[in-house]
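>>> Got a sequence here, can you model it:
(one chain, ligands or ions: 2)
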Amino acid sequence: MAVFTAVSLDDLTQWIKQFPLGRALALDGISSGIDNSNFFLTTERGEYVLTIFENLRFEQLPFYVQLMRHLAQQGIPVPAPVPNGDGELVVTLHGKPAIIVSRLSGASQLDPQPVHCAEVGRMLARMHLAGRDFELHQPNLRGLDWILATAPEVQPFLSIEEAALLRTETAYQADFAAGATYAALPRGPVHADLFRNNVMFEGERLSGCFDFYFAGVDTWLFDIAVTVNDWCIDLATGRLIDARVRALLDAYHAARPFTQEEGAAWQPMLRAGALRFWLSRLYDLHLPRAAELLTPHDPTHFERILRERIERAAPQLPL
Ligand SMILES: Nc1ncnc2c1ncn2[C@@H]1O[C@H](COP(=O)(O)OP(=O)(O)OP(=O)(O)O)[C@@H](O)[C@H]1O
Ligand SMILES: N[C@@H](CCO)C(=O)O
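Numbers count the residues shown, from 1 in each chain. Ligands and ions are numbered 1, 2, ... in the order given. All right, here's what the predicted structure looks like:
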């Protein structure tokens, strides 16, 4: 279940009048998702998604919502937020921040083939380029600073082997991020959570991506590493599947060519992407928020991926 705030069609009768969407005709709770309450909303004007934010506050939302608007305006297939009559994108519903966005067509592709990975790579490159002139700035809130602050908090819950891996990898990433190669990497707004469940396909064509609530400014390569670590692996072992990696990277490179520095940073960045999700999953498992309602994701999946990336070289970036 993933509707934490109950909303009925009756609740929307007055509320929806602030939007240029006509009357609300149907409202269906969406069962997937672990952070927010989401509903498919049909109005006289079309199909939308209503999101009520359960954890993010008003002041935390402009970066994410404006970024979606900016990207949608540039033709990237992301949900477009609908402004109300006063031009506001985030409004109150049942005392919580809420938005209405356009509904994307398609369905998740949970068994991706190289053709799907190529679509994801092409879209990610276009998204990075389209974000270059986005004016708001927020760092990646799950970046290195967060990793360095959070690792000590989970250390007491770990086995000796896990604790050693977390310590050595955190030190490795801090060292890598202090170097000249890292400093030269191109940066901008990144999605930072572009997993299979956040992308829609119609057949072999990518029809959209969503869930921008981990977006922030970081290196583009970090975003690519996070994406490859989910789309291009054998889920059971975490091992990279070369044909998928090649397809994703070649398609990305065709739209936004990689730099020499990115080539040099690729292997460490794949490790950074794995470390970030291993740590957030460890944190959610061992230090859940008081109001956490759903089962946390399995951290050992990303521990396996991290060990794999350390032990086995990944295909190089095309340069
Ligand atoms: N704009 C959209 N168009 C079509 N479907 C959408 C849209 N936004 C969300 N959905 C659907 O709602 C589901 C939940 O959305 P989302 O993943 O953003 O929720 P969440 O609670 O933030 O999830 P999580 O944090 O677990 O990824 C998605 O899996 C998707 O099926
Ligand atoms: N993609 C994250 C969940 C938050 O969206 C994970 O797999 O840990």
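
>>> How about the contacts made by the residue most central in space within the chain?
Closest to where the C-alpha atoms of the chain average out (C-alpha atoms, centre = their mean) is D193, at 2.1 Å. By C-beta atoms under 8 Å, 6 or more residues apart in numbering, D193 lies in contact with D211, Y213, F214, A215, V226. Yep, even glycine has a C-beta here, placed from its N, CA and C like the rest.

>>> Among those residues, which one has the most neighbours?
For the contacts of D193, counting by other C-beta atoms under 10 Å, the largest number of neighbours falls to V226: 27 neighbours.

>>> which stretch of helix or strand covers T168?
Taking DSSP states H and E as the criterion, T168 maps to helix 160-177.

>>> packing partners for that helix?
Helices and strands touching helix 160-177, by 3 or more C-beta pairs under 8 Å, 6 or more residues apart in numbering; DSSP states H and E, are helix 144-154, helix 260-286, helix 299-311.

>>> Quick one: closest of these to ligand 2.
Closest to ligand 2 of the helices and strands packed on helix 160-177, according to C-beta to the nearest ligand atom: helix 260-286, at 4.8 Å.

>>> and that closest one, is it in reach of ligand 2?
Yes. Using C-beta under 6 Å from any ligand atom, we find that helix 260-286 touches ligand 2 at F277, S280, R281.

>>> Which of these sits closest to ligand 1?
Checking the residues of helix 260-286 next to ligand 2 one by one against ligand 1 (C-beta to the nearest ligand atom), the nearest turns out to be S280, at 11.2 Å.

>>> what residues are up against the nearest residue to the closest one once chain neighbours are set aside?
Here the nearest residue to S280 in space, its sequence neighbours aside, is R142; by C-beta to C-beta, 6 or more residues apart in numbering that works out to 6.3 Å. For R142, the contact set (C-beta under 8 Å, 6+ apart) comprises A192, F214, G216, R276, S280.

>>> so who does the second one touch?
Think F214. Residues in contact with F214 (C-beta under 8 Å, 6+ apart) are N140, L141, R142, H191, A192, D193.

>>> Pull the most distant pair out of those.
The two members of the contacts of F214 with the most space between them (C-beta to C-beta) are L141 and H191, at 13.2 Å.

>>> The two: who's more crowded?
Between L141 and H191, H191 has the larger neighbour count (other C-beta under 10 Å), namely 28 against 15.

>>> re earlier: please report which of the contacts of R142 has the highest neighbour count.
R276 leads the contacts of R142 on contacts (other C-beta under 10 Å) with 27 neighbours.

>>> Thought V226 was touching that one, still the case?
Yes. R276 lies in contact with V226 (C-beta atoms under 8 Å); the separation is 7.2 Å.

>>> Overlap of the contact sets of these two?
Counting by C-beta under 8 Å, 6+ apart, nothing touches both R276 and V226.

>>> Dig out what the nearest residue to D145 once chain neighbours are set aside forms beta bridges with.
In space, and not counting its chain neighbours, D145 is closest to P139: 7.5 Å by C-beta to C-beta, 6+ apart. Taking DSSP bridges, one obtains V217 as the residues bridged to P139.

>>> quick one, what contacts the nearest residue to N55 once chain neighbours are set aside?
Distances taken as C-beta to C-beta, 6+ apart place D35 nearest to N55, at 6.1 Å, with adjacent residues excluded. Neighbouring residues of D35 by C-beta under 8 Å, 6+ apart: E54, N55, Y213.

>>> Dump those residues to a markdown table, plus secondary structure and pLDDT.
Shown next, in a markdown table, are the contacts of D35 (DSSP: H, G, I helix; E, B strand; the rest coil; pLDDT from 0 to 100):
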| residue | secondary structure | pLDDT |
| --- | --- | --- |
| E54 | coil | 88 |
| N55 | coil | 86 |
| Y213 | coil | 95 |
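
>>> re earlier: which SS state does the residue nearest to the centre of the chain fall under?
coil (DSSP: H, G, I helix; E, B strand; the rest coil).

>>> Dihedrals phi and psi, it?
Dihedral pair for D193: phi -150, psi 40, per degrees, to the nearest 10.

>>> got the buried residues for stretch 38-50?
Neighbour-count burial for stretch 38-50 flags N38, F39, L41, T42, T43, Y48, V49, L50 (criterion: 16 or more other C-beta atoms under 10 Å).
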